[in-house]
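Asker: this one's structure only:
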């Protein structure tokens, strides 16, 4: 009888071991905006963590949990239209937020020191008042017609019709003339991004 009890405990321990060896699944948004499920931390994958919804307890119904959950919209990761991109730039200037402005730009091809220098220049730029942001005055195509159904996410960098955003800033040289900055607009991974037009 004792041998049977020992054998039963041994089988139970072996049966429970695989459950203990499993790791957590991390839910992330990758750099390209796609959902990513991994056993590694999101930071190790250079991705943003998605916080999972709390599981309802046994004594609370699922409908009560849904009713008590605030109806927050999902975070906006990138601009999908010209107007969203323009508004994001306006908001970044209104808040003097150089990091937000840098988050609207493509940084591929930049070295580390060049990117740091450009972000420092953006920080100084964000201190100036923004007078206007919009398409170039001589643009033939409407800036809102940038949703070309034939454009795929596989294209590395597809220019957008109305492919420039022109910023007019209050001049800081004492002449009173506004300063004009031009940024190219590129569609990548289903989003619109700014690129230095230099």
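Answerer: Structure received. It should be emphasised that the depicted structure is a prediction, and the values quoted were computed from it without experimental measurement.
Asker: For the rest of this, base every contact and every neighbour count on C-alpha atoms.
Answerer: OK.
Asker: what about the strands in the protein?
Answerer: Per DSSP state E, the chain carries strands over the ranges 26-29, 35-38, 48-49, 130-134, 158-169, 179-188, 191-196.
Asker: between the ones you listed, which gets nearest to residue 82?
Answerer: Shortest distance between residue 82 and the strands of the chain, using C-alpha to C-alpha, is found for strand 191-196: 7.2 Å.
Asker: one step back: would CSV of the strands of the chain with distance to residue 115, mean pLDDT and mean neighbour count be doable?
Answerer: CSV is the format used below for those (distance: least, C-alpha to C-alpha, whole Å; pLDDT from 0 to 100; neighbours: other C-alpha atoms under 10 Å):
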stretch, distance to residue 115, mean pLDDT, mean neighbour count
strand 26-29, 23, 83, 19
strand 35-38, 27, 82, 15
strand 48-49, 21, 82, 16
strand 130-134, 23, 90, 17
strand 158-169, 20, 74, 20
strand 179-188, 16, 90, 19
strand 191-196, 12, 88, 21
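Asker: can you list the ones you listed in CSV and add distance to residue 99?
Answerer: Formatted as CSV, the strands of the chain follow (distance: least, C-alpha to C-alpha, whole Å):
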stretch, distance to residue 99
strand 26-29, 19
strand 35-38, 23
strand 48-49, 16
strand 130-134, 16
strand 158-169, 17
strand 179-188, 17
strand 191-196, 14
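Asker: and residue 105, which of those strands is closest to it?
Answerer: Taking C-alpha to C-alpha, strand 191-196 is the member of those nearest to residue 105, at 4.4 Å.
Asker: Tell me the helices and strands packed up against the closest one.
Answerer: Helices and strands touching strand 191-196, as assessed by 3 or more C-alpha pairs under 8 Å, 6 or more residues apart in numbering; DSSP states H and E, comprise helix 82-94, strand 179-188.
Asker: what's the angle from the last one to strand 191-196?
Answerer: Here strand 179-188 runs at 140 degrees with respect to strand 191-196, directions being taken by axes from the mean of the first three to the mean of the last three C-alpha atoms, to 10 degrees.
Asker: coming back round to it: okay if I get the helices and strands packed on strand 191-196 as CSV plus distance to residue 25?
Answerer: Below are those laid out as CSV (distance: least, C-alpha to C-alpha, whole Å):
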stretch, distance to residue 25
helix 82-94, 33
strand 179-188, 28
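Asker: right, so of these, which gets closest to residue 171?
Answerer: For the helices and strands packed on strand 191-196, proximity to residue 171 was assessed by C-alpha to C-alpha; strand 179-188 is nearest, at 5.2 Å.
Asker: Just want the angle from that closest one to helix 82-94.
Answerer: Using the same axes, to 10 degrees: strand 179-188 against helix 82-94 is 130 degrees.
Asker: Describe which strands strand 179-188 pairs with in its sheet and in which direction.
Answerer: In the sheet, strand 179-188 lines up against strand 158-169 (antiparallel), strand 191-196 (antiparallel) (DSSP bridges).
Asker: Could you export the ones you listed as CSV, including distance to residue 39?
Answerer: Output for those, formatted as CSV (distance: least, C-alpha to C-alpha, whole Å):
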stretch, distance to residue 39
strand 158-169, 34
strand 191-196, 28
